[in-house]
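Undergrad: Pasting the sequence and the predicted coordinates here, then a few questions.
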Amino acid sequence: MSRIRVRLDIVGVALLALALTGSPLAAADTAPAPAPASPFTVEEQRLDKAVPQEILRRGGFDTVAPQFAQALEGTRSFRQAERAVARQGARLWDGAVDRAQGRGPARGDLSRDDDRPLYWARLGMTRELRQWQPEFGLTDAERARLVDRLERSSRGQDSMNLPAGKGFKRIVMTGFDPFTLDRDIRISNPSGATALALDGTWIRTADGPARIETAVFPVRWQDFADGTVERTLRTQLPKADLFTTVSQGRVGRIDIERFNGAWRGGFGDNENVSRTETVPVADPASQPQWTTTSLPYKAIVAAQTGRFPVYDNTSVTEIPPGGTTPVVSPGGPTPGSTARAGGGGNYLSNEIAYRATLLRDRLGLEIPGGHVHTPVLEFGAGNTTEITDPEFVRNRVDIIGQVRAIIRLAAETSG
């Protein structure tokens, strides 16, 4: 009897050990360990600096990332998380658009035309997403998919909605994030501010009303190589009557860039990454060295659209046929030459213009489209530390108004 009791005790201890550690069979069926949280990107690391925190606070967007983190914690599966991420990203974009267009309370004391709260709030959200460790686990691929959904939804890229019907025109306009932030972290990008100010708006033209839909793009080489421009615009351009890609360009002037080149010049992006190469696109065998604007540049240059002078910029940098050294050609590219810079340079502003006009051509679309370079957005004289000032706001508001006038004129001139 005592022998039986000892045997049962031994079995009981073994069963307890299995209950605590898990059986070999159960361990074999367990899913792989979830991937660790991703390290913060270069862009996300800048968020800890004082200026971004001040912009978020004074822009009324300082609660966005904490609320996003709460939304993530409320999910119980990847599918729920994906829906929450898309919903919260769209909420950020809509909130930034509403703020820029004067809807709802003016949170914070920054002027409504400011694009920077959107940029820094998005980075706060992506940081939360990279360090989130849900109980159900995330693979690297799943986390990357969530980040992509957040990027697209918070940039307006997946919510462009050109309406069907007759009696009005449909216009697509794109802008960019702030950039060169290591040079001056206070930077604002007037093209992004214009996108927020115009998204979903109607303008009156001599030919009737026109609807504008906008999106904002990152200043990152890899996103462009991954096809973010084509993925966003491929379904929109066939519906559009006009498109304009817009970015920040030179001091004190607006340029309508006549030619776009198939070359990346290597300037560091917002991740401090450099790329010097031919612009990577699908079907490189049929890739042209140059694309051309189809905007009505003569009419735009001749018109009075605002206080900044507007130029038809035809200059490019090219390697002539048979040559090896790049030269500047003020009148445009020589037939058969190799691109080294379009009129808009060889950074991502040139690249978005190249990609959009190449897409226009590959889709066989006969619509006006091309690139508008705004003036550099400057602070008031002597301001080297404050995040805003009256001259800074005036410059941004005037640039937004002039780009709107250029788009209206282009829509009228295009018939």
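TA: Happy to help now that I have it.
Undergrad: Show me where the stretch 251-400 of the chain has its helices.
TA: Assigned by DSSP state H, counting those that start in this stretch, the stretch 251-400 of the chain shows helices spanning 297-302, 348-362, 390-413.
Undergrad: Let me know which of the ones you listed is the nearest to Gly208.
TA: Closest to Gly208 of those, according to Cβ to Cβ: helix 390-413, at 9.4 Å. Where C-beta positions appear, they are placed from N, C-alpha and C, glycine not excepted.
Undergrad: export the closest one as PDB, just CAs?
TA: Written as PDB, here are the backbone C-alpha positions of helix 390-413 (Å, rounded to 0.1, in the frame of the first residue of the first chain):
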ATOM      1  CA  PRO A 390       4.200  86.500 -38.400                       C
ATOM      2  CA  GLU A 391       6.300  86.500 -41.600                       C
ATOM      3  CA  PHE A 392       6.600  82.700 -41.600                       C
ATOM      4  CA  VAL A 393       2.800  82.400 -41.400                       C
ATOM      5  CA  ARG A 394       2.300  85.100 -44.100                       C
ATOM      6  CA  ASN A 395       4.800  83.400 -46.400                       C
ATOM      7  CA  ARG A 396       3.100  80.000 -46.000                       C
ATOM      8  CA  VAL A 397      -0.400  81.400 -46.500                       C
ATOM      9  CA  ASP A 398       0.600  83.300 -49.600                       C
ATOM     10  CA  ILE A 399       2.300  80.200 -51.100                       C
ATOM     11  CA  ILE A 400      -0.900  78.200 -50.500                       C
ATOM     12  CA  GLY A 401      -3.000  80.800 -52.100                       C
ATOM     13  CA  GLN A 402      -0.700  81.100 -55.100                       C
ATOM     14  CA  VAL A 403      -0.600  77.400 -55.700                       C
ATOM     15  CA  ARG A 404      -4.400  77.300 -55.500                       C
ATOM     16  CA  ALA A 405      -4.500  80.100 -58.100                       C
ATOM     17  CA  ILE A 406      -2.000  78.200 -60.400                       C
ATOM     18  CA  ILE A 407      -4.200  75.100 -60.200                       C
ATOM     19  CA  ARG A 408      -7.300  77.000 -61.000                       C
ATOM     20  CA  LEU A 409      -5.600  78.700 -64.000                       C
ATOM     21  CA  ALA A 410      -4.300  75.400 -65.200                       C
ATOM     22  CA  ALA A 411      -7.800  73.900 -65.000                       C
ATOM     23  CA  GLU A 412      -9.300  76.800 -66.900                       C
ATOM     24  CA  THR A 413      -6.600  76.900 -69.600                       C
END
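Undergrad: Quick check: buried residues in that helix?
TA: 392-393, 395-397, 399-413 (16 or more other Cβ atoms under 10 Å).
Undergrad: Reformat the helices of the stretch 251-400 of the chain into TSV and put mean pLDDT next to each item.
TA: Converted to TSV, the helices of the stretch 251-400 of the chain look like this (pLDDT from 0 to 100):
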stretch	mean pLDDT
helix 297-302	98
helix 348-362	98
helix 390-413	97
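Undergrad: Cool, thanks, talk later.
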